[in-house]
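1. sequence and predicted structure, then a few things I'm wondering about:
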Amino acid sequence: MIDESAIFVEDEKRLGLYTVQVLRQTARGWAPDIMQLQALVTNHRLLLKPFPRRYAPASIPAGYIKKVDNHQINHHRTVCLTLQTGHQLHIILNPRLMEHITDDLHAMIAPKPNFQFDEKVAKGHIERLISFFGGVDPFKSQN
């Protein structure tokens with residue numbers, strides 16, 4: 001479980017907590033990664049943490065997310081996050097929760113005044129996610 005009290009910044013609030021998997025392209029086509037992640041959506045960022053392992057969560061600040069929409073890839077319905085870098089992160093979860101996480105992510109990326117995460121830290125977290133998935137870039141853009 002993500003310890004919110006230890007990592008939240010001032011005025012940060014939870015919008016939703018979900019169990020998700022990353023959908024990534026393999027030699028055999030699109031497949032969900034075996035590792036399940038906790039996805040904690042706050043009013044400032046998306047935190048992704050594998051469980052039950054004891055890793056620090058990766059953080060994607062709201063300002064790094066350019067667009068959130070739903071995609072259909074093969075038989076998988078995904079929530080697609082398009083990052084400012086041009087990469088896309090496709091996540092899958094219980095279909096009944098797709099609308100909830102999409103709403104939470106849209107609320108998160110709505111413009112907020114006077115708040116910004118350190119860009120070097122955010123870039124490091126994104127690179128850590130890429131290396132965690134075995135050097136295969138789960139954010140690979142499909143454009």
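-> Happy to help now that I have it.

2. quick one, longest strand in the chain?
-> Across the chain, the longest stretch assigned as strand under DSSP state E is strand 14-26.

3. check which strands are paired with that one and give the direction for each one.
-> If you go by DSSP bridges, strand 14-26 pairs up with strand 29-32 (antiparallel), strand 37-42 (antiparallel), strand 88-92 (antiparallel).

4. same question for it: list its buried residues.
-> 15, 16, 17, 18, 20, 21, 22, 23, 24 (16 or more other CB atoms under 10 Å). In this view, the C-beta of every residue, glycine as well, is placed from N, C-alpha and C.

5. how far does the lengthiest helix in the chain sit from its chain's centre?
-> Counting residues, the longest helix in the chain under DSSP state H turns out to be helix 119-132. Distance, stretch centre to chain centre, for helix 119-132: 12 Å (CA atoms, centre = their mean, to the nearest Å).

6. equivalent analysis for stretch 95-102, please.
-> Per CA atoms, centre = their mean, the centroid offset for stretch 95-102 relative to its chain is 14 Å.

7. please identify the buried residues of the helix or strand where residue 107 lies?
-> For residue 107, the host element (DSSP states H and E) is helix 98-109. For helix 98-109, burial by neighbour count (16+ other CB under 10 Å) applies to 98, 101, 104, 105, 108, 109.

8. sweet, I'm off.
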